[in-house]
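Asker: the following comprises the amino acid sequence and a computationally predicted model.
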Amino acid sequence: MIVRNHVIITGNLGADPQIVHESEKNGIVVRISVANSEYRYDQESKERQTTHVNWIPVTAFSGLAKRVSRSLKKGDLVTVTGAIRASQYKDSLGKTLKAFEVIATDILKSEILPSEGAGEVPSFDDFREETVGGV
């Protein structure tokens, strides 16, 4: 299958992975929901505040689905690589609704590295190379 859209999402699992289909022929299908938050910095309180949380549905198949179901749990920080799939369906009242999901090609459990200073953000000056001999 040729896919022309790619997405990378990092967030926390909202629940344990859910096996939604299992067969000997096609393997398993697992669904997860990834919470991805948007923040803003409040100048008065000097704190980061959540302004919105995106709940992103992700589906994994076969071997990846098996690894996800065995290895991940609610709250884990993950990075999902995949493609967005949009769909339409009719609800019980006949109204056409739209939905999307990410079809995962890879899901990695992420670890956050501890910082040296609480809340410290490095500047580009921290990485600037010093010139030797005016070069």
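Answerer: Alright, I've got the coordinates. Numbering: from 1, shown residues only.
Asker: ok, Lys109 - contacts?
Answerer: Ser71, Leu72, Asp76, Leu77, Val78 (CB atoms under 8 Å, 6 or more residues apart in numbering). No exception for glycine: its C-beta is placed from N, CA and C like everyone else's.
Asker: and which of those is nearest to His52?
Answerer: Leu77 (18.4 Å; CB to CB).
Asker: list the contacts of the nearest residue to Phe61 once chain neighbours are set aside.
Answerer: Closest residue to Phe61 apart from its sequence neighbours, by CB to CB, 6 or more residues apart in numbering: Val29 at 5.7 Å. Taking CB under 8 Å, 6+ apart as the criterion, Val29 is in contact with Ile19, Val20, His21, Glu22, Thr59, Ala60, Phe61, Ala65.
Asker: look up phi and psi at Val29.
Answerer: With angles defined as degrees, to the nearest 10, Val29 sits at phi -120, psi 130.
Asker: quickly find the element holding the closest residue in space to Thr81 that isn't next to it in sequence.
Answerer: Closest residue to Thr81 apart from its sequence neighbours, by CB to CB, 6+ apart: Asp106 at 4.5 Å. Take DSSP states H and E as the rule and Asp106 turns out to sit in strand 96-109.
Asker: same thing with Arg4?
Answerer: Using DSSP H and E, no helix or strand contains Arg4.
Asker: swap in Gly63?
Answerer: Counting by DSSP H and E, the element that carries Gly63 is helix 62-71.
Asker: what about that helix, distance to the chain center?
Answerer: On the basis of CA atoms, centre = their mean, to the nearest Å, helix 62-71 sits 16 Å off its chain's mean C-alpha point.
Asker: what's it packed up against?
Answerer: Where contact means 3 or more CB pairs under 8 Å, 6 or more residues apart in numbering; DSSP states H and E, helix 62-71 is packed against strand 27-42, strand 96-109.
Asker: quick one: which of these is nearest His6?
Answerer: For those, proximity to His6 was assessed by CB to CB; strand 96-109 is nearest, at 8.6 Å.
Asker: show me the beta-bridge partners of Ile84.
Answerer: Judged by DSSP bridges, the bridge partners of Ile84 are Val102.
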